[in-house]
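Colleague: Here's a sequence, model it:
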Amino acid sequence: MNTVKRLKGLNLPPWQKKSLPSLIKEYSPALILAALLGTSLDLYFVEKKMYMFPIRPYPEVLSFNIAFTFAGLPILVLVYLIMMKKVTKWGKVGIILFLSLLMPIFERFSELFGLFEHSREWKHIYSFFGYLVFLSVIFLFYRLTNKEH
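Modeller: Here you go, the predicted structure:
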């Protein structure tokens, strides 16, 4: 009973549900940019033979993994942007650093499962810095396209 009285005294704003069109308007520019950047980078690095995707949909047509670029990456970026909205400035820095450190680990697991291969010249530190820049650009673009949020 005391807990209920304490909670009533907090004057928290009601949780607001957003409509689907407003969610699409808020997130789709950043998700489209993420997919386009991911595709461009994959095409570039595959062409330079820095890495390749041995198992991918439509291998006779596409040299990159369209499933990851157009489905997996946007879903991961959506979760990332939702997390970024909920934390402080230092929390944002922490999330970007943490995810950038995690990506080389995920790449290594992808290699073990045969989904991804790097050339001998590739260093996983490239992935760390690449995702550091990628995630920062995506979040800055999200903020730019959502100044009212």
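
Colleague: what ranges do the strands span in this protein?
Modeller: 51-52, 117-118 (DSSP state E).

Colleague: Can I get the ones you listed in TSV including mean pLDDT?
Modeller: Shown next, in TSV, are the strands of the chain (pLDDT from 0 to 100):
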stretch	mean pLDDT
strand 51-52	89
strand 117-118	90
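
Colleague: Deepest-packed of those, please.
Modeller: strand 51-52 (a mean of 18; mean count of other CB atoms under 10 Å). Yep, even glycine has a C-beta here, placed from its N, CA and C like the rest.

Colleague: Within the sheet, what are the partner strands of that strand, with directions?
Modeller: Using DSSP bridges, the strands paired with strand 51-52 are strand 117-118 (antiparallel).

Colleague: what does the strand it pairs with contact?
Modeller: Contact partners of strand 117-118, identified using CB atoms under 8 Å, 6 or more residues apart in numbering, comprise 50, 51, 52, 53, 54, 107, 111.

Colleague: Generate a PyMOL selection restricted to the buried subset of these.
Modeller: Burial among the contacts of strand 117-118 is assessed by 16 or more other CB atoms under 10 Å; the matching PyMOL selection reads:
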select buried, resi 51+52+53+107
